[in-house]
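Trainee: Fold the following and give me the result.
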Amino acid sequence: MLDPVSGPRGGFALRFGRVLLSPWSRLALLVAVLAAAASAVMAYEPQRLLVAGWPPQVGGATAVALFAAAYGLCTAAFVPRPLLNLAAGALFGSQAGLAAAIAGTVLGAGIAFTLGRFLGQEALRPLLRGRLLEAADGQLSRHGFRSMLALRLFPGIPFAATNYCAAVSRMGYVPFVLATGLGSVPNTAAYVIAGSTAASPTSPVFLAATGFIVVSALAGATVAWRKRHRLSRGA
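Mentor: Sure thing, here's the model as predicted:
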């Protein structure tokens, strides 16, 4: 008699399990998940909240928590954070909107990092062949908290792409989450305040928030340009 585990049927199940759990199969699953999430976002069009407002039957802390959860899922699906931050301010005001936006930011970053780490890291790390890619990977792996904090402080760098790139590196989960939570506060607050005061575009608060966004964007572009050249020389 053939042993049920070592026989042909057992051998086929073992080989099928290895293929199913292989790095490239998991990467294909990650791509499928992200494609499905992006399709769902395009179909639902969450930006309609800026026009239609939050459903009136859901209010208070429940509405803030639901928005934070939706925010996290949307950012993992590559929805731009500035749009969501403006919506948070317009819907909930400065304080509650900032709380919802920061919670959603950390949640979305954690979702993306977890998906990228468990489904994509093993397949993508061997592809880091270029000198600039290797230098960036080394920076994130050795100085994770400091590097991620700098990336979060300055706008202009795609949030979701940064999350998945960090997941491919050897950065730890705790430094990633802490740097994301702390570094995202200034610019998130500026966008939320701008959204909450958008009805008064000439008010000092709105102008100050908009000015902060512009100045930080220019500073971020300058730092990114200098860092790129430094990484190139280091590579």
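
Trainee: Low-confidence ranges, this structure, go.
Mentor: The model of the chain has pLDDT under 70 over residues 1-24, 26-27, 30, 41, 43-54, 120-137, 223-235.

Trainee: repeat that with 90
Mentor: Scanning the chain for pLDDT under 90 picks out 1-63, 70, 73-80, 83, 91, 112, 114-173, 198-202, 212-235.

Trainee: Have a look at it and report its longest helix.
Mentor: Counting residues, the longest helix found in the chain (DSSP state H) is helix 81-115.

Trainee: by contact count, what packs against it?
Mentor: If contacts are counted by 3 or more C-beta pairs under 8 Å, 6 or more residues apart in numbering; DSSP states H and E, helix 81-115 sits against helix 23-44, helix 49-52, helix 60-76, helix 159-168, helix 173-183, helix 185-196. C-beta coordinates here come from the backbone N, C-alpha and C atoms, glycine included.

Trainee: In JSON lines, list those along with mean neighbour count.
Mentor: Converted to JSON lines, these look like this (neighbours: other C-beta atoms under 10 Å):
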{"stretch": "helix 23-44", "mean neighbour count": "14"}
{"stretch": "helix 49-52", "mean neighbour count": "12"}
{"stretch": "helix 60-76", "mean neighbour count": "19"}
{"stretch": "helix 159-168", "mean neighbour count": "21"}
{"stretch": "helix 173-183", "mean neighbour count": "18"}
{"stretch": "helix 185-196", "mean neighbour count": "23"}
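
Trainee: follow-up on the earlier one: what are the buried residues along the longest helix of the chain?
Mentor: 81-92, 94, 96-113, 115 (16 or more other C-beta atoms under 10 Å).

Trainee: pretty sure A69 is touching L107, no?
Mentor: Yes. Counting by C-beta atoms under 8 Å, A69 does reach L107; the two are 6.9 Å apart.

Trainee: which residues touch L86?
Mentor: L50, Y191, V192, A194, G195, A198 (C-beta atoms under 8 Å, 6 or more residues apart in numbering).

Trainee: and the residue lying closest to L178 once chain neighbours are set aside, how many residues sit next to it?
Mentor: Using C-beta to C-beta, 6 or more residues apart in numbering and skipping residues adjacent in sequence, the residue nearest L178 is F145, 6.5 Å away. Burial of F145, expressed as a neighbour count using other C-beta atoms under 10 Å, amounts to 17.

Trainee: which residues does F145 contact?
Mentor: Contacts of F145 (C-beta under 8 Å, 6+ apart): P175, F176, L178, A179.

Trainee: Of the residues you listed, just say which sits nearest to P155.
Mentor: A179 (15.4 Å; C-beta to C-beta).

Trainee: Kindly provide the distance from that closest one to A166.
Mentor: Distance of A179 to A166, computed by C-beta to C-beta, to the nearest Å: 9 Å.

Trainee: and what of V185?
Mentor: 18 Å.

Trainee: next one: A112
Mentor: A112 is 9 Å from A166, by C-beta to C-beta.

Trainee: Please apply the same query to A194.
Mentor: Counting by C-beta to C-beta, the gap from A194 to A166 is 27 Å.

Trainee: Next up, the contacts around L73.
Mentor: So L73 contacts A37, G108, I111 (C-beta under 8 Å, 6+ apart).

Trainee: And for A179?
Mentor: Taking C-beta under 8 Å, 6+ apart, we find A179 in contact with G144, F145, R146, S147, M148, L149, R152.

Trainee: Can you report how many residues lie near the fourth one?
Mentor: Spelled out, that is S147. Residues lying near S147 (other C-beta under 10 Å) number 21.

Trainee: and if you look at the first one?
Mentor: With neighbours defined by other C-beta under 10 Å, the count for G144 comes to 21.
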